[in-house]
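Student: build the 3D model from these lines:
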Amino acid sequence: NQSDDSGDEEPTSQSDKSELYTTLRTLASKLDDLSQCNDLIAKHGAALQRSLSELETLKLPAESGEKIKAVTERATLFRITSNAMINACRDFLELAETHSRKWQRALQYEREQRLRLEETIEQLAKQHNSLERACRGAPALPSSSTELSNASKGSWTDSWLGKRSHCLKARTRLVKGETSDEDEETEYFDAMESAPDFITVTTDPVEHRRTGSNVSATSSEQTETWNLDSQGFELPHHASSSASASRSVKLNRKRRTHIPEKPNYSLNLWSIMKNCIGKELSKIPMPVNFNEPLSMLQRLTEDLEYHELLDKAAQCENPAEQMCYVAAFSVSSYSTTIHRTAKPFNPLLGETFELDRLVESGFRSLCEQVSHHPPAAAHHVYSKCGWTLWQEITIASKFRGKYLSIMPLGAIHLQFHSGRNHYMWRKVTSTVHNIIVGKLWIDQSGDIDIINFKTKDKCQLKFSPYSYFSRDCARKVTGVVTDREGKANYILSGTWDEKMEFAKVVQSSQDGTSCEGKQKTVYQTLPPKVLWRKYPLPDNAENMYYFSELALTLNEKESMTAPTDSRLRPDQRLMENGDWEEANVEKQRLEEKQRATRRLREAEAVKALEEGRDCDAYKPVWFQKKEDPITGEEMYVYKGGYWESKEAQDWNLCPDIY
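Tutor: Predicted structure coming up:
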């Protein structure tokens, strides 16, 4: 008999293992039964289909033929449903078999992990003692303030201990049998959050002015102007409790503050499949149950929710400070996505959306769907407050089973009229989790690199993805604003769903050390100020698709708009009014009309090719493709004429898409 070296384990552990083995055997037996049922359904379903086909060949009266046809349609529906169930059962079978092997491996791995855990705890205690002794005898950081030394010591020691703590927690979870969802060849590693690229230490501005002999010239020039009492961005009418009263602008007209509440329609398999009988797969419409009553063009316009940030940036004389406001604006566009898990309507080719707030807010915006395959939208915004923004966005997506990754492709350009500073950046990846099972939630991850092509200033923003093991707050965003020499001027921090702050850098050093032994930059900064803060949602927003104050007004009816405007789209209007059944019918009609128009265009191209003449491809009405002189890429830019056509009410160039 082999000796058992696990005698010091808890008495219940052996019985737990036996119970788990019994469960695995039972599960394997049930999986065999499920596999047999799968084969039987496939066999009898095929036999039923053959019998119905034979009945159709018989010469029967017309009335009998109609009944047989009805039975055949029902049998077809049964076959579709059975195939869906068979595929689901097959997927479940494969998944269960895969996890069964993983559970077996986890049980075998448990004893080895327990020993490693004991060694880790012992090593952690030794390193902790060694670290404490090293901290007591460590020299101060190169600053005249003792506060910096103590604060930075606490920062990197806490960071090191925190990461070791996460390593320990991760290993403890493995001992308890929590295995990952990776394949069999996956090795077990410590689950650890990604380390921050730098450490920030806040100093007292009064103390800094007294001991500022070591401060660089760039920092000392503006330290005196860093007033904590003046915040970078504030909510107008701060004392107001409602979002609708939070703006200080005097409106020319009263905008709506409510839309019809979202109906409580349940989405089941039958509601989708009943529309599938007798139709080609490409003609099956996705129901509006997955949508919100806004188009993608309107969602793109929502980026202007915090246009005041760009108005303030236009007033900045310091390019580095202007960069901070531009960075905050790029982050603010994600604040509306935290609860918005429904998808917007895909715009029809040639669909437009205007937002004319020149009198109220100083800007006017125009979007047009310039391509359908791949879907692409062009956007142009002019502000009399001193800036112009333009972009072309194409959406690429990847379905990973459990989540959907949405990757906006294309550059966003921003130019200020005074000083001619030209900025460019690209959006990060949005991820929708729990696509199959569970409550949907959205995360943003990746880097945004903002470049000022005139001064060569840069800002790198890091959107940290959600991590189960992270001690940081969720939806965290950090960044550094640097000049052309790479010298840091400002540190940005906050979350993409709440607020962003910026702090002036007065000194930097390379004395921070991570647990991996790499040196980190330690930034000594003045106390942070708020750059941007999210507006509160309107009352009852949870029943109005979690729309913000601006989003509630985007689909409000306007006079004198182009006939292609998204506000005039009938299926979207029906959905907003709560008539979802009628919206689904109308949505199918619009999509079929778009396909028919595309087929006519393709037939005309074929005919022109046969006759040896040129046939122009589809061209947008208000945008034209040009080469970007900065990136060298071709993109659609506004060619003018829309607002003049609106004033003259001359819409002859607009296609009939509705």
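Student: helix, strand or coil for D356?
Tutor: strand (DSSP: H, G, I helix; E, B strand; the rest coil).
Student: that one pairs with what?
Tutor: Beta-bridge pairing for D356 (DSSP bridges): R364.
Student: and the helices in this protein?
Tutor: Ranges of helices in the chain, per DSSP state H, are 12-57, 62-136, 146-175, 205-210, 217-223, 269-273, 296-301, 308-314, 319-332, 549-554, 570-576, 580-611, 642-648.
Student: looking at the ones you listed, which is buried most?
Tutor: Per residue and on average, the most neighbours among the helices of the chain fall to helix 319-332, with a mean of 26 (mean count of other CB atoms under 10 Å). Quick note: C-beta positions are derived from backbone N, CA and C, even for glycine.
Student: in this structure, which strand has the most residues?
Tutor: Counting by DSSP state E, the longest strand found in the chain is strand 499-513.
Student: centre of the chain to that strand, how far?
Tutor: Relative to its chain's centre, strand 499-513 lies at 28 Å (CA atoms, centre = their mean, to the nearest Å).
Student: helices or strands up against it?
Tutor: Where contact means 3 or more CB pairs under 8 Å, 6 or more residues apart in numbering; DSSP states H and E, strand 499-513 is packed against helix 146-175, strand 198-202, helix 217-223, helix 319-332, strand 488-495, strand 519-525, strand 529-533.
Student: returning to what we had before: could the helices of the chain go into CSV alongside mean pLDDT and distance to F463?
Tutor: Compiled in CSV, these are given as follows (pLDDT from 0 to 100; distance: least, CB to CB, whole Å):
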stretch, mean pLDDT, distance to F463
helix 12-57, 71, 40
helix 62-136, 73, 31
helix 146-175, 40, 20
helix 205-210, 56, 30
helix 217-223, 43, 27
helix 269-273, 52, 34
helix 296-301, 96, 19
helix 308-314, 96, 18
helix 319-332, 96, 8
helix 549-554, 95, 22
helix 570-576, 95, 30
helix 580-611, 90, 33
helix 642-648, 95, 34
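Student: out of those, flag the one nearest N346.
Tutor: Judged by CB to CB, the one of the helices of the chain that comes nearest to N346 is helix 296-301, at 6.3 Å.
Student: got the contact list for that closest one?
Tutor: 344-347, 351-353, 355, 365, 367-369, 375, 377, 379, 393, 395, 551, 554-555, 566 (CB atoms under 8 Å, 6 or more residues apart in numbering).
Student: would you mind naming the residues that bridge with the residue most central in space within the chain?
Tutor: Nearest residue to the geometric centre of the chain (CA atoms, centre = their mean): S430, 2.3 Å. Beta-bridge pairing for S430 (DSSP bridges): I406, Q444.
Student: list the contacts for it?
Tutor: By CB under 8 Å, 6+ apart, the contact set of S430 is Y334, T337, S405, I406, M407, P408, I442, D443, Q444.
Student: isn't the fourth one right up against T394?
Tutor: No - counting by CB atoms under 8 Å, I406 sits too far from T394 to count as a contact (11.4 Å).
Student: residues near N577, how many?
Tutor: Residues lying near N577 (other CB atoms under 10 Å) number 14.
Student: can you check the pLDDT for the residue nearest to the centre of the chain?
Tutor: S430 carries a pLDDT value of 92.
Student: K343 versus that one, what's the distance?
Tutor: 11 Å (CB to CB, to the nearest Å).
Student: next, count neighbours for F363.
Tutor: Residues within reach of F363, counting by other CB under 10 Å, total 21.
Student: wait, it sits on R357?
Tutor: Yes - taking contacts as CB under 8 Å, F363 lies within contact range of R357: 5.8 Å.
Student: about what we covered before: got the helices of the chain as a markdown table, with distance to A503 columns?
Tutor: Listed next are the helices of the chain as a markdown table, based on distance: least, CB to CB, whole Å:
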| stretch | distance to A503 |
| --- | --- |
| helix 12-57 | 51 |
| helix 62-136 | 25 |
| helix 146-175 | 14 |
| helix 205-210 | 11 |
| helix 217-223 | 12 |
| helix 269-273 | 52 |
| helix 296-301 | 32 |
| helix 308-314 | 17 |
| helix 319-332 | 10 |
| helix 549-554 | 29 |
| helix 570-576 | 43 |
| helix 580-611 | 49 |
| helix 642-648 | 41 |
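Student: looking at the ones you listed, spot the one closest to V477.
Tutor: Nearest to V477, of all those, is helix 319-332, at 5.6 Å by CB to CB.
Student: tell me the spatial nearest neighbour of E354, not counting adjacent residues.
Tutor: Leaving out its chain neighbours, the residue that sits closest to E354 by CB to CB, 6 or more residues apart in numbering is L366, at 5.2 Å.
Student: got the contact list for that neighbour?
Tutor: With contacts defined as CB under 8 Å, 6+ apart, L366 is in contact with T352, F353, E354, L355, H379, H380, V381, W622, Y638, Y642, W643.
Student: which of the residues you listed tops the neighbour count?
Tutor: For the contacts of L366, neighbours tallied by other CB under 10 Å; top is F353, 29 neighbours.
Student: and the gap between it and V381?
Tutor: Here the distance between F353 and V381 works out to 12 Å (CB to CB).
Student: cool, and Q572?
Tutor: Distance, Q572 to V381, using CB to CB: 22 Å.
Student: list the buried residues for stretch 398-408?
Tutor: Y403, L404, I406, M407, P408 (16 or more other CB atoms under 10 Å).
Student: those residues: which two are farthest apart?
Tutor: Checking these with CB to CB, the most distant pair is Y403 and P408, at 16.6 Å.
Student: Provide a list of residues in contact with the residue nearest to Y325 when sequence neighbours are not counted.
Tutor: Spatial nearest neighbour of Y325, excluding adjacent residues (CB to CB, 6+ apart): A313 at 3.6 Å. Going by CB under 8 Å, 6+ apart, A313 touches Q322, Y325, V326, F329, W387, F416.
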